[in-house]
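In: Dropping the sequence and predicted coords here.
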Amino acid sequence: MKRGKKYQEVLKKVDRSKSYTLKEAAALTKECSYAKFDETVELAVKLTLKKSQSVRDTVVLPNQFSAQKKVLVFAKGDKAEEARAAGAAYVGDSDLIDQIKGGWMDFDVAVATPDMMKEVGKLGPILGRRGLMPNPKTQTVTNDIKGALAELSKGRVEFRSDKTGVVHLAVGKVSMDADKISENAVAIISEILRKKPADAKGDYVVSVALSSTMGPGVRVDVKDAVESANA
């Protein structure tokens with residue numbers, strides 16, 4: 001893939017033979033951004049996983065950078081009232097299910113009480129494809145609606161390894177301080193380490209990198225990343 005002049009220019013700032021500390025990588029990623037918009041900084045962590053294994057969880061990032069998410073809650077009765085009081089953008093049961101079946105998707109996160117999952121499960125082909133299906137593993141199927149909404153408002157995000165064993169997740173914007181970007185990366189890596197499968201073999205974390213939307217990847221020293229996450 002041929003890159004433009006601006007990309008080639010910033011690429012000169014990156015020593016391709018070097019692995020940087022997380023803080024150095026965050027600062028360099030900021031320095032290598034050149035777009036006119038506020039680029040997103042993404043973390044990529046390559047893991048050693050068997051085909052049958054995956055790593056998935058949620059984490060509350062210490063430094064928020066994204067806009068407030070529109071949260072939809074599938075609930076009835078008192079739990080529906082709890083959701084409204086806690087600030088959910090949309091609350092309902094069969095009415096919302098019918099709207100979604102009709103093609104409406106104006107929300108970012110879906111939460112459901114356990115008693116609603118029999119009906120919500122019918123939306124699997126729609127919500128599952130978009131990564132929006134409520135799931136106990138991501139704490140989006142719960143009776144603690146107030147607690148779930150509080151964490152989502154703080155910036156709780158979901159991460160999941162793809163088929164190649166890589167976790168991709170946004171950790172900030174180039175307008176943020178490098179230290180804050182680094183802190184978010186550490187929080188995610190810490191959770192990835194905590195979710196290590198018991199039977200994982202060899203080096204669990206193979207590589208770590210940071211990059212901005214338009215900029216080049218910056219390789220992070222794996223040892224530094226793991227030590228920072230374990231500190």
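Out: Okay, I see it. Everything quoted here is computed from the prediction, not taken from an experiment.
In: For K46, give me its contacts.
Out: T164, G165, V166, V205, V206, S207, V208 (Cβ atoms under 8 Å, 6 or more residues apart in numbering). Yep, even glycine has a C-beta here, placed from its N, CA and C like the rest.
In: in this protein, what spans have low per-residue confidence?
Out: For the chain, residues meeting the criterion pLDDT under 70 lie at 1-2, 67.
In: Would you tell me which helix is longest in it?
Out: helix 178-194 (DSSP state H).
In: just checking, what packs against it?
Out: Counting contacts by 3 or more Cβ pairs under 8 Å, 6 or more residues apart in numbering; DSSP states H and E, helix 178-194 is packed against helix 22-31, strand 40-47, strand 56-60, strand 156-160, strand 166-173, strand 205-212, helix 222-230.
In: Show me which positions of the fourth one end up buried.
Out: Same thing as strand 156-160. By neighbour count on 16 or more other Cβ atoms under 10 Å, the buried set for strand 156-160 is R156, V157, E158, F159.
In: now stretch 84-103
Out: Applying 16+ other Cβ under 10 Å to stretch 84-103 flags A86, A88, A89, Y90, V91, G92, D93, L96, I97, I100 as buried.
In: What is the end-to-end distance of it?
Out: Terminal residues of stretch 84-103 are spaced 23 Å apart (Cα to Cα, to the nearest Å).
In: Residues in contact with that stretch: which ones?
Out: Here stretch 84-103 makes contact (Cβ under 8 Å, 6+ apart) with 70-76, 80, 83, 107, 111, 116, 119-120, 122-123, 126-127, 145-146, 149-150, 153.
In: Give me the buried positions along stretch 144-163.
Out: Neighbour count says stretch 144-163 has I145, K146, A148, L149, L152, G155, R156, V157, E158, F159, S161 buried, by 16+ other Cβ under 10 Å.
In: let me redo that: stretch 57-64
Out: By 16+ other Cβ under 10 Å, the buried positions in stretch 57-64 come out as T58, V59, L61, N63, Q64.
In: Likewise for stretch 189-203?
Out: Neighbour-count burial for stretch 189-203, with 16+ other Cβ under 10 Å as criterion, is recorded at I189, S190, E191, I192, L193, K195.
In: now do stretch 68-76
Out: V71, L72, V73, F74, A75.
In: Stretch 128-147 now?
Out: L132, M133, P134, N135, T138, Q139, T140, V141, T142, I145, K146.
In: Redo these as TSV? Include secondary structure.
Out: Supplementary listing: those in TSV, determined by DSSP: H, G, I helix; E, B strand; the rest coil:
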residue	secondary structure
L132	coil
M133	coil
P134	coil
N135	coil
T138	helix
Q139	coil
T140	coil
V141	strand
T142	coil
I145	helix
K146	helix
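In: now, among the residues you listed, which is nearest to V226?
Out: Within the buried residues of stretch 128-147, proximity to V226 (Cβ to Cβ) peaks at T138, which comes in at 24.1 Å.
In: As a markdown table, the contacts of K46 with neighbour count and distance to S17 would be great.
Out: Formatted as a markdown table, these follow (neighbours: other Cβ atoms under 10 Å; distance: Cβ to Cβ, whole Å):
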| residue | neighbour count | distance to S17 |
| --- | --- | --- |
| T164 | 8 | 24 |
| G165 | 17 | 24 |
| V166 | 15 | 22 |
| V205 | 19 | 20 |
| V206 | 14 | 18 |
| S207 | 16 | 15 |
| V208 | 27 | 16 |
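In: from the residues you listed, which is closest to A44?
Out: Taking those together and measuring to A44 by Cβ to Cβ, the closest member is V166, at 5.9 Å.
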